[in-house]
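Participant: how would this look folded up:
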Amino acid sequence: MAVSKERKAELVKKFGKNEKDTGSVQVQVAILTDQINALTAHLKKNHKDANSKRSLMILVGQRRSLLAYLVNKDRDAYSKLIADLGLRK
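Facilitator: Numbering: from 1, shown residues only. Down below sits the predicted model:
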């Protein structure tokens, strides 16, 4: 499930340093989390959709590696990010 341009712009504005900061780890994790939430809702209705399950696992792995990078690089930013997104450690 793709994130709309408007939603992505909101996430960039909230988690990025400026409106064009799409490459920072915080913004990438926020966008991936939004995609994961959308796919999870889709899979609750369509539990036999194997392609979406695979896509969900790929996105979760990408988010996990980005969070692992962030925890090694800047632990305070990691703590703030998971609190803002409502993720558990």
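Participant: Off-centre distance for the lowest-mean-pLDDT helix or strand in the chain?
Facilitator: In the chain, no helix or strand scores lower on mean pLDDT, DSSP states H and E than helix 5-15, which sits at a mean of 93. Centroid displacement of helix 5-15 relative to its chain, using Cα atoms, centre = their mean, to the nearest Å, is 12 Å.
Participant: which helices and strands sit right next to it?
Facilitator: Where contact means 3 or more Cβ pairs under 8 Å, 6 or more residues apart in numbering; DSSP states H and E, helix 5-15 is packed against helix 25-45. For glycine as for every other residue, the C-beta is placed from the backbone atoms N, C-alpha and C.
Participant: Could you identify the longest helix within this protein?
Facilitator: Longest among the helix segments of the chain by residue count, using DSSP state H, is helix 50-73.
Participant: just checking, what packs against that one?
Facilitator: Using 3+ Cβ pairs under 8 Å, 6+ apart, helix 50-73 is in contact with helix 25-45, helix 75-85.
Participant: With just CA atoms, put the least confident helix or strand of the chain into PDB.
Facilitator: The C-alpha coordinates for helix 5-15 follow below in PDB (Å, rounded to 0.1, in the frame of the first residue of the first chain):
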ATOM      1  CA  LYS A   5       1.900  12.400  -1.400                       C
ATOM      2  CA  GLU A   6       0.000  14.500   1.200                       C
ATOM      3  CA  ARG A   7       0.600  11.900   3.900                       C
ATOM      4  CA  LYS A   8       4.300  11.600   3.000                       C
ATOM      5  CA  ALA A   9       4.600  15.400   3.100                       C
ATOM      6  CA  GLU A  10       3.100  15.500   6.600                       C
ATOM      7  CA  LEU A  11       5.500  12.800   7.800                       C
ATOM      8  CA  VAL A  12       8.500  14.600   6.300                       C
ATOM      9  CA  LYS A  13       7.400  17.900   7.900                       C
ATOM     10  CA  LYS A  14       6.900  16.300  11.300                       C
ATOM     11  CA  PHE A  15      10.000  14.100  11.500                       C
END
